[in-house]
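Q: have a look; sequence and predicted model below, questions after that.
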Amino acid sequence: MSDNNFKLRSSLDPKWIEHEGKDFLYLQDPLMLSDKSILIPAPIVPLLRMLDGTKDVSGLSEALRTTVGLEFSNQKIQDLLDQLDKAFLLDNSSLKNIVVKTTEEYRNTPNRLMMHSGAVYPEDKAKTMEMISSFCEQNAMTSPSADTGSLVGLLSPHIDFARGGGTYASTWQAAAPSLQDIESVIIFGTDHYGGSSTITPTLQSYATPFGVLNTDTGLVEKLIEKLDADTVLVEELHHRSEHSIELASVWMHAFMNNLSFSTIPILCGSFYKYIENDEEPDKNPVISETIKILAESMLERRTLIVAAGDLAHVGPVFGDSAQVEPASRHTLQLHDDESIAAICDGDGDLFLSISRLESDKRRICGLSPIYMMLKTIEKAYNESPKGFAIGYDQCPADVNGGSLVSITGALLYV
């Protein structure tokens with residue numbers, strides 16, 4: 001390990017687990033750069049908070065002793081740092097080198113591989129279709145009224161299929177009659193580990209059990225040319241492991257398997273900075289130019305925008321102090337209904353302001369892709385789309401049911 005001072009990566013998703021009667025913090029690289037995971041015993045966790053890039057091994061040992069009264073030898077600290085380094089959990093030269101190497105490998109593969117097949121859905125086409133058909137049989141299709149207009153937007157969950165299969169099924173079945181003439185699909189997905197305000201396309205084509213979804217490289221290259229590759233491709237590697245676009249694409253491809261269309265996959269980073277202040281995302285030059293370019297493309301061919309996003313993330317798993325009690329579920333739904341109503345009214349500003357007013361209490365992880373969908377449609381047609389929601393559900397996020405992820409589907413028309 002060549003770096004002398006040690007800094008823990010910021011984009012990690014630590015989880016507390018119990019193992020053999022003791023509490024551990026579970027750490028694993030979210031970009032799947034390593035298959036190694038680490039269990040940190042609870043007494044050692046204070047050390048992780050000190051990995052801010054300002055201390056060497058001796059400094060860490062001294063800080064532990066003086067601030068929390070823990071005595072650790074330099075060798076014991078070094079052993080832990082070596083484990084973190086091998087798992088690429090430190091922000092150092094090892095991480096930077098593997099990111100460069102893996103990004104090059106990603107760009108040179110024939111297509112973006114199915115990273116979550118086997119765990120979330122079968123890799124085999126027939127078995128995947130059997131799974132989807134089973135969900136569809138169990139969930140009745142909602143039929144849009146005849147005067148809805150032209151389908152231009154679709155909100156799809158990106159939660160795993162075991163928990164969200166019913167909502168996926170209801171949403172895509174309702175959309176099916178309006179998909180036959182679609183020529184292009186823009187897919188905005190949550191980048192769970194993306195930077196602030198990042199908009200990240202990829203030139204790679206996503207694979208699903210039904211084949212390869214051909215990316216419109218011409219339009220993606222236009223985005224790259226206008227916005228600068230160093231700006232919009234800096235986090236392109238996130239496409240490799242991120243599940244949001246992948247999981248929505250499996251359902252989309254199942255329902256559009258016999259159609260000829262291209263896709264534009266775009267990951268959207270955190271919009272939390274817009275929750276903290278009154279700045280509007282579409283005043284950001286990169287976001288504004290992305291919306292403009294994509295809106296212009298929508299007028300050239302029949303386009304559907306898919307936002308792959310879930311709603312609330314509440315409970316201890318997500319940092320809340322208290323579990324979600326049964327009585328709180330109704331309150332959660334009432335707050336979700338406000339956000340869903342804004343989506344169905346096609347009002348991106350209102351949708352964002354609801355989360356801003358509650359200081360992001362529900363942690364809507366589909367905030368950025370849903371906003372991008374609504375704003376792009378509004379820009380393209382000079383009017384807000386209107387629609388309806390389908391299949392609202394509250395899914396357990398821990399074994400006790402005290403943490404929840406809420407989801408819904410929605411169809412938007414002009």
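A: Received the coordinates, thanks. Quick caveat, the model's predicted, so the values are computed rather than measured. Numbers count the residues shown, from 1 in each chain.
Q: mind naming the longest helix for this protein?
A: helix 326-344 (DSSP state H).
Q: who are the packing partners of the helix or strand that that one is followed by?
A: Following helix 326-344 in sequence order, the next helix or strand is helix 348-357 (DSSP states H and E). If contacts are counted by 3 or more Cβ pairs under 8 Å, 6 or more residues apart in numbering; DSSP states H and E, helix 348-357 sits against helix 272-276, helix 326-344, helix 367-381. No exception for glycine: its C-beta is placed from N, CA and C like everyone else's.
Q: tabulate the CA atom coordinates of the last one in CSV.
A: This file holds the C-alpha atoms of helix 367-381, laid out as CSV (Å, rounded to 0.1, in the frame of the first residue of the first chain):
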residue,chain,number,x,y,z
LEU,A,367,-35.9,11.7,-7.2
SER,A,368,-33.4,12.5,-9.9
PRO,A,369,-34.6,10.1,-12.7
ILE,A,370,-38.3,11.0,-12.1
TYR,A,371,-37.4,14.8,-12.2
MET,A,372,-35.4,14.3,-15.4
MET,A,373,-38.3,12.4,-17.0
LEU,A,374,-40.9,15.1,-16.1
LYS,A,375,-38.7,18.0,-17.2
THR,A,376,-37.6,16.5,-20.5
ILE,A,377,-41.2,15.7,-21.5
GLU,A,378,-42.3,19.2,-20.5
LYS,A,379,-39.5,20.7,-22.6
ALA,A,380,-40.2,18.6,-25.6
TYR,A,381,-44.0,19.2,-25.8
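Q: now it: how far from the chain's centre is it?
A: Put simply, helix 367-381 sits 16 Å off its chain's centre (Cα atoms, centre = their mean, to the nearest Å).
Q: tell me which strands and helices it is in contact with?
A: strand 151-156, strand 184-190, strand 262-268, helix 285-298, strand 303-308, helix 348-357, strand 404-413.
Q: what's in contact with the first one?
A: Yep, that's strand 151-156 we're talking about. 168, 171-172, 175, 178-179, 248, 251-252, 298, 303-309, 343, 346, 366, 370, 373-374, 377, 380-381, 385, 387, 389, 408-414 (Cβ atoms under 8 Å, 6 or more residues apart in numbering).
Q: ok, now the fourth one?
A: Contacts of helix 285-298 with the rest of the structure, by Cβ under 8 Å, 6+ apart, involve 152, 184, 186, 197, 199, 219, 222-223, 226-227, 231-232, 264, 266, 281-282, 303, 305, 372, 375-377, 379-381.
Q: change it to 7 Å
A: 186, 197, 199, 219, 222-223, 226-227, 231-232, 281-282, 303, 375-376, 379-380 (Cβ atoms under 7 Å, 6 or more residues apart in numbering).
Q: got a pLDDT number for the residue nearest to residue 279 when sequence neighbours are not counted?
A: Leaving aside its chain neighbours, residue 279 sits nearest to residue 273 (7.2 Å; criterion: Cβ to Cβ, 6 or more residues apart in numbering). Here, the pLDDT recorded for residue 273 equals 95.
Q: neighbours of residue 273, how many?
A: Residue 273 has 13 neighbouring residues, counting by other Cβ atoms under 10 Å.
Q: so which elements touch the host helix or strand of residue 173?
A: Per DSSP H and E: residue 173 is located in helix 161-175. Packing partners of helix 161-175 (3 or more Cβ pairs under 7 Å, 6 or more residues apart in numbering; DSSP states H and E): helix 125-138, strand 151-156, helix 244-255, strand 386-396, strand 404-413.
Q: who touches the fourth one?
A: Under the criterion Cβ under 7 Å, 6+ apart, residues 142, 153, 159, 163-164, 166-167, 170-171, 174, 329, 332, 340, 344-346, 404-413 lie in contact with strand 386-396.
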